[in-house]
Each structure stands twice: as structure tokens, then as C-alpha cells.
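Student: A structural model of the following input is requested.
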Amino acid sequence: MPRRTKIVATLGPACSDPKVLDKMIEAGVDVVRLNFSHGTPEEHIQRAEMVRSLAKSRGRAIGVLVDLQGPKIRIGRFKDGKITLRPGDPFRLDVDCELGDQTKVGLDYKDLVYDVSRGATLLLDDGRIEMWVEEVKGGVITCKVVQGGVLSNNKGINRKGGGLSAAALTDKDIEDIKTAALLKADYLAVSFPRSAADIEQAREILHAAGGKSWIVAKIERAEAIEALDGILDASDAIMVARGDLGVEVGDAAVPALQKRMIRMAREKNKLTITATQMMESMIESPIPTRAEVSDVANAVLDGTDAVMLSAETAAGKFPVEAIAAMNRVCVEAEKEIEPPAFGVKHADILRVDEAIAKSAVFTALHLNVKAIAAMTQSGSTALWISRISTHVPIYALTPEVNTRRKVTLFRGVYPVNFRPSSEDRDQLLAEAQDELRRRGAVRTGDLILLTIGEPIGRSGGTNTMKIVRVGERKKS
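Tutor: Sure thing, here's the model as predicted:
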């Protein structure tokens with residue numbers, strides 16, 4: 001049975017060679033991430049084109065996710081590149097400082113002076129450095145070092161417990177959204193959203209630029225946890241971005257939050273990506289640590305749609321090996337997932353096509369169906385079917401290339417380029433059977449379940465479910 005959990009891999013210098021990227025696709029990449037914190041728009045467009053060209057040569061659909069940089073909440077630069085701080089040292093964050101030294105450093109995020117006051121705790125470099133705010137006066141924040149270490153140029157700043165007011169979308173992000181529309185990105189990830197309004201703003205800008213990407217909200221602020229219900233309603237997917245989130249809410253809180261976010265997303269028919277440090281040791285090592293293996297496996301058991309590699313594939317020494325490792329861990333973990341209890345209550349069903357999708361899963365589990373084939377224009381039916389965990393593979397049969405690329409992120413859903421020769425229902429269903437048999441998904445005598453909309457070809461109109469035995473044809 002094919003792997004159900006999808007793999008997202010970040011592109012970068014380590015996979016700029018088409019031969020390496022082709023091996024990554026062969027190893028199991030489903031979606032590529034273009035990190036707009038680095039590189040130029042032209043470079044990202046070229047990478048997207050290269051991915052799609054290589055995928056086409058392999059008869060594959062690969063999704064493209066554009067990840068916006070978001071606000072630069074960072075310190076400035078040091079005269080000597082870095083300093084070493086010790087507990088008890090006084091230190092100043094000064095908006096007017098151009099080059100820092102042992103006593104002070106500048107701020108790229110100059111509004112920090114309005115977001116903190118005496119008693120606040122600032123966490124720098126992913127929490128490795130901790131400072132207590134003693135005084136804020138003018139453009140200077142005077143601190144005392146609580147936890148020291150090496151501090152180098154342009155490291156990030158978080159406030160413990162959240163509370164930074166930086167807008168989610170910067171001027172750079174707005175321009176990058178236009179680039180995402182130009183390269184026809186399948187997904188657009190918004191960094192540091194605080195509320196549903198941030199997601200709605202991004203979608204409005206995207207649509208104005210002609211883009212049709214689905215929106216991914218990266219949950220990495222403490223405020224986003226409080227507003228999670230609204231953010232989920234406004235977005236199409238969330239990313240459990242455990243780096244900055246762990247700094248703001250505390251590392252011990254992250255595992256339980258991960259489970260809660262994935263559960264809530266599935267209940268609302270949304271997608272989830274679990275990210276950050278999943279196999280970070282593989283930046284330098286050809287094999288993952290046992291802890292990393294367990295981390296990936298637990299995300300799979302939590303029900304995430306996708307697991308993500310960042311620096312492992314963008315800048316690491318073993319990008320292909322990292323994907324292969326993630327692939328085998330996902331496959332093994334999926335063997336332990338049990339089908340749902342039939343009495344489980346799911347979210348309220350408000351549409352006919354959604355009712356058909358949920359009924360399809362219920363029926364497939366009862367009748368030992370070998371495959372579900374969703375004939376779909378938009379992909380919505382396949383999404384709804386995939387929200388309930390099942391070992392039954394789901395095939396999204398569609399002529400729409402954009403839909404095939406989108407469903408690459410749906411757990412347990414496999415895109416199929418399907419262009420029937422006729423709009424006659426019986427002929428269409430027969431061709432769908434033949435396509436699944438050709439792919440080796442089913443054999444003669446197997447039961448398959450097909451969902452379809454009538455009249456044929458109407459988007460958003462799935463209203464029929466049919467169970468057939470492969471090889472049987474309707475007698476005239």
C-alpha cells in the first residue's frame with residue numbers, strides 16, 4: 001500500500017542540481033517548499049518550473065508551497081560578528097545602534113520598544129539567550145542577561161508569552177504574494193499570523209493578483225493559539241511551526257499543542273503540516289537519530305497530513321537520504337493506525353457532496369473496499385474523504401492539473417490524470433475502473449467505491465456513490 005502521509009521538502013542550494021532534485025522526487029517528495037526568506041523571485045520561479053518539468057517527465061504531480069518570510073523580528077549586526085554573554089551581564093537593545101559590541105546591539109524590529117516594559121522576558125536565537133527587561137527609555141531597552149551564550153548577527157527575538165505587535169504581512173510579503181500568484185503556487189504559507197484577519201488579508205491580496213493558492217496559516221505565535229479556532233476557519237491548512245511557537249509558549253507545551261491543532265484541523269476539514277527540526281541531525285548525518293524517528297512517527301500517529309523537511313533538504317549534505325528516511329518512518333508508523341470507531345461523531349455535515357464523502361468512508365470500511373475513486377473537479381470530495389483515517393487508498397481522478405497538484409498534500413489521497421472519453425456515466429465508471437487496474441491499485445474481483453457528480457462535469461456537485469466489482473460490466 002502506498003504511503004499516506006505526505007512529505008514536504010524545502011528547496012535550496014543543496015538541491016539546485018536537477019539531478020539531485022530528480023532523485024528527491026524519486027525518493028518520495030510530494031510537495032516542495034520555496035522559502036521566500038532566502039533567494040530572489042526569479043530563482044523561486046525557476047525552481048518551481050524545474051520541479052514541474054521533472055515531475056511531468058516522471059508522470060507525477062508535485063505541489064508547490066510558497067512560504068512568506070513574515071516580519072523580521074531580529075537584532076542587528078555586531079562589529080566583530082558575534083559576542084559571548086554571561087548571566088548577570090547588562091545589555092542594551094538600541095534602535096539607533098548601527099554595529100553592536102559587548103554591551104549593546106541594534107534592532108531590525110524597531111517597534112520592540114513599544115511592545116515590552118520592565119519585567120518582560122526576551123528570548124533570542126530560538127531561546128538560547130534569555131534577557132530580563134529592566135527599563136525601556138526612548139529607543140533603548142536595558143536588560144540583564146539571565147541565560148548567556150554566543151550571540152551573533154541578525155538572530156531572532158521572541159517575547160516569552162507572546163505580545164509582539166509586528167504585522168503578519170510586510171511590504172516584502174505583499175510583493176512575494178504577487179510572485180506566488182505568478183508562479184501559480186498551489187499553497188501560500190503566511191508567517192506569524194495572530195488572527196483570522198491576517199489570513200483574510202493575505203487571501204484578498206492573492207486573489208487581487210490572480211492567484212488561486214490555498215492558504216496555510218503557520219502557527220508560531222502564542223496569540224495564534226488563542227485565536228486558533230478563527231484562524232482555522234479562515235485558512236485552508238495550518239502548519240504546526242514548532243520553532244518560534246516553542247520559544248513563545250515553552251518547549252514542554254508543544255507536543256500537546258501539536259496533537260490539539262491536528263485534531264481541530266481534521267474536525268474542520270482542514271489540512272495540517274508538521275514542521276521544524278524533524279530530522280535536523282541529517283543536515284550533517286546520513287541517518288536520523290532515534291528521537292527524530294520517534295518524532296516523525298508520532299506526528300503520523302497524530303494524524304498530520306504532511307511532515308516537513310527544512311534545512312535537511314535545503315542546505316544539508318544528505319537531502320535524498322533525508323527524504324528516504326522520512327518515507328520509511330511514515331510507512332512503518334502508518335501500520336499502527338486503526339480505522340475509526342463507526343460511532344465517532346464528526347463535524348456537522350452541511351452539504352450533499354460532503355455527506356457523500358463521509359458515507360463513502362463508512363461504506364468502504366464495512367465492505368472491505370480496496371480503493372475509493374473520487375471523480376472531482378475541485379478536489380473537495382477527496383479532501384472530505386481523507387479527513388477520516390482509513391487504510392483504504394483514495395484516488396482523486398481529475399483532468400484539472402491544479403487540482404492534481406493540490407491533492408498532493410491530502411493525507412491518503414493520490415492524484416490521477418483522468419480524462420474520460422465520454423460523459424456517459426456507465427462508460428466513465430468503466431474507464432475509471434480500467435485506470436485503477438492499470439495502475440495496479442485494484443485487481444479483477446475487487447470492490448471499489450466511486451463518487452461522482454451528476455450531471456457529469458459539474459464542479460462541487462458530487463451527489464452519487466456507486467459500489468462496483470472490478471471486471472463486471474453492466475449488461476445491456
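Student: can you pull the phi/psi pair for the residue most central in space within the chain?
Tutor: The residue lying closest to the centre of the chain (C-alpha atoms, centre = their mean) is Ile273, at 3.5 Å. Backbone torsions for Ile273, taken as degrees, to the nearest 10, come to phi -120, psi 130.
Student: distance of it from Ala189?
Tutor: Applying C-beta to C-beta, to the nearest Å, the value for Ile273 to Ala189 is 8 Å. From N, CA and C alone the C-beta is placed, and that goes for glycine too.
Student: what do the two both touch?
Tutor: 216, 239 (C-beta atoms under 8 Å, 6 or more residues apart in numbering).
Student: can you give me every residue that contacts Ala256?
Tutor: Ala256 neighbours (C-beta under 8 Å, 6+ apart): none.
Student: same question for Val352.
Tutor: 462-463 are the contacts of Val352 under C-beta under 8 Å, 6+ apart.
Student: need the pLDDT of it.
Tutor: Here the pLDDT value assigned to Val352 is 82.
Student: dump stretch 205-217 to CSV, keeping only the CA atoms.
Tutor: Written as CSV, here are the backbone C-alpha positions of stretch 205-217 (Å, rounded to 0.1, in the frame of the first residue of the first chain):
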residue,chain,number,x,y,z
ILE,A,205,-4.1,40.3,-1.9
LEU,A,206,-3.6,36.9,-3.5
HIS,A,207,-6.9,36.9,-5.3
ALA,A,208,-6.3,40.5,-6.5
ALA,A,209,-3.1,39.3,-8.1
GLY,A,210,-4.9,36.4,-9.8
GLY,A,211,-3.7,33.7,-7.5
LYS,A,212,-5.6,30.6,-6.6
SER,A,213,-3.3,29.1,-3.9
TRP,A,214,-4.8,27.6,-0.8
ILE,A,215,-3.7,29.5,2.3
VAL,A,216,-1.6,27.8,5.1
ALA,A,217,-1.5,29.6,8.4
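Student: quick one: mean pLDDT over it.
Tutor: The average pLDDT within stretch 205-217 is 98.
Student: assumed Val136 was part of a helix.
Tutor: No: counting by DSSP: H, G, I helix; E, B strand; the rest coil, Val136 is located in no helix; its state is strand.
Student: count of residues packed around it?
Tutor: Using other C-beta atoms under 10 Å, Val136 has 19 other residues around it.
Student: same check on Leu232?
Tutor: Neighbourhood size, Leu232 [other C-beta under 10 Å]: 23.
Student: picking that back up, tell me the spacing between the residue nearest to the centre of the chain and Ile225.
Tutor: 17 Å.
Student: buried ones in the helix or strand of the chain with the lowest mean pLDDT, by neighbour count?
Tutor: When the helices and strands of the chain are compared on mean pLDDT, DSSP states H and E, helix 352-367 comes out lowest with a mean of 82. For helix 352-367, burial by neighbour count (16 or more other C-beta atoms under 10 Å) applies to 353-354, 356-358, 360-361, 364-365.
Student: can you give me how far that helix is from the chain middle?
Tutor: 26 Å (C-alpha atoms, centre = their mean, to the nearest Å).
Student: how about the closest residue to Pro399 other than its chain neighbours, secondary structure?
Tutor: Leaving aside its chain neighbours, Pro399 sits nearest to Arg419 (4.7 Å; criterion: C-beta to C-beta, 6 or more residues apart in numbering). Three-state call for Arg419 (three-state DSSP): coil.
Student: now Arg419. Its backbone dihedrals?
Tutor: The phi/psi pair for Arg419 (degrees, to the nearest 10) is phi -130, psi 90.
Student: can you give me the neighbour number for it?
Tutor: Applying other C-beta under 10 Å, we find 9 residues neighbouring Arg419.
Student: that one against Glu400, yeah?
Tutor: No: contact criterion C-beta atoms under 8 Å: Arg419 and Glu400 do not qualify, at 10.1 Å.
Student: for stretch 286-295, the averaged confidence score.
Tutor: 98.
Student: could you list the low-pLDDT ranges of the stretch 351-476 of the chain?
Tutor: 454-460, 473-476 (pLDDT under 70).
Student: all the strands of it, residue numbers only.
Tutor: 371-375, 394-398, 413-417, 447-453, 462-469 (DSSP state E, counting those that start in this stretch).
Student: gap between the last one and the chain center?
Tutor: Read it as strand 462-469. 31 Å.
Student: same for that strand, what does it pack against?
Tutor: Strand 462-469 sits against helix 352-367, helix 425-438, strand 447-453, with contacts defined as 3 or more C-beta pairs under 8 Å, 6 or more residues apart in numbering; DSSP states H and E.
Student: report the buried residues of the second one.
Tutor: Judged by neighbour count using 16+ other C-beta under 10 Å, the buried positions of helix 425-438 are 428-433, 435-437.
Student: so Val32 makes contact with Lys6?
Tutor: No: if you go by C-beta under 8 Å, Val32 and Lys6 don't touch, sitting 11.5 Å apart.
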